[in-house]
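In: When you get a sec, could you give me coordinates for this:
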Amino acid sequence: MIRANGICKSFAGKKVLSGIDLDIKPGTIFGLLGPSGAGKTTLIKILTDQLDFDGGDICVLGKDVRTLTGIDKKQIGIMMDNHGLYERMSCTDNLKVFADIYQIDHSKIMDTLIKVGLADSAKKPAMKLSKGMRARLQLARVFMVSPKIRFAWGNQNISIN
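Out: The predicted structure is shown next:
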């Protein structure tokens, strides 16, 4: 599902990734571990076609990452570290905005909140959620699109169905 061979990336002449190889099969949970500045976020941004790379080959969902279409990218769910929540909006309203962007039926919202354990907080504004509950709300957005690949920032883990 994700194959990378010899991935290289430099910023301003400083090499941050050199010769990265991955072969992540469906059903695998894969974690990227390393100190700050090791290139974990850079690699995920490259694997999700958010950042160009200098060398190597990457195949995601059976395609060269550089040729992924919008439809293909809807199969990739990304949970970024503390980004994208509307603080004054309820959990339900946060998911409505997301659902509208991705053209997802609003009927999936409550089922998703149940799935992540936030049904009792559906009407609570995001700013009133604990850190763990906020992470669950972010994860709910990922689950709403039913992606084949899920990236979770912070923990830097990848889950492939």
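In: Nearest the middle, which residue of this structure would you pick?
Out: With distances taken as C-alpha atoms, centre = their mean, the chain has residue 78 as the residue nearest its mean C-alpha position (1.3 Å).
In: So it lies in a strand, does it not?
Out: Yes - applying DSSP: H, G, I helix; E, B strand; the rest coil, one finds residue 78 inside a strand.
In: contacting residues for it?
Out: Contacts were defined as C-beta atoms under 8 Å, 6 or more residues apart in numbering; by that measure residue 78 touches 48, 142, 150, 151, 153. In this view, the C-beta of every residue, glycine as well, is placed from N, C-alpha and C.
In: Of those residues - the most surrounded one?
Out: With neighbours taken as other C-beta atoms under 10 Å, the top of those is residue 151, carrying 23 neighbours.
In: Check the spacing between residue 36 and residue 13 real quick.
Out: Between residue 36 and residue 13 the distance, using C-beta to C-beta, to the nearest Å, works out to 21 Å.
In: er, residue 23 actually
Out: In this structure, residue 23 lies at 30 Å from residue 13, with C-beta to C-beta as the measure.
In: And stretch 12-23, how far out from the chain middle?
Out: From the chain centre to the centre of stretch 12-23 is a distance of 21 Å (C-alpha atoms, centre = their mean, to the nearest Å).
In: that older thread, ok, what's across the strand from the residue nearest to the centre of the chain?
Out: Beta-bridge pairing for residue 78 (DSSP bridges): residue 151.
In: need the longest helix for this structure.
Out: As assigned by DSSP state H, the longest helix anywhere in the chain is helix 131-144.
In: Run through who's touching stretch 9-23.
Out: Defining contact as C-beta under 8 Å, 6+ apart, one finds that stretch 9-23 is touched by 2-8, 30, 39, 42-43, 46, 51, 53-54, 56.
In: How far away from the center of its chain is it?
Out: Computed by C-alpha atoms, centre = their mean, the chain-centroid distance of stretch 9-23 equals 21 Å.
In: what separates the closest residue to residue 97 other than its chain neighbours from residue 66, distance-wise?
Out: With C-beta to C-beta, 6 or more residues apart in numbering as the criterion, residue 97 has its nearest non-adjacent residue at 6.6 Å, and that residue is residue 86. Plainly put, residue 86 is 32 Å away from residue 66 if you go by C-beta to C-beta.
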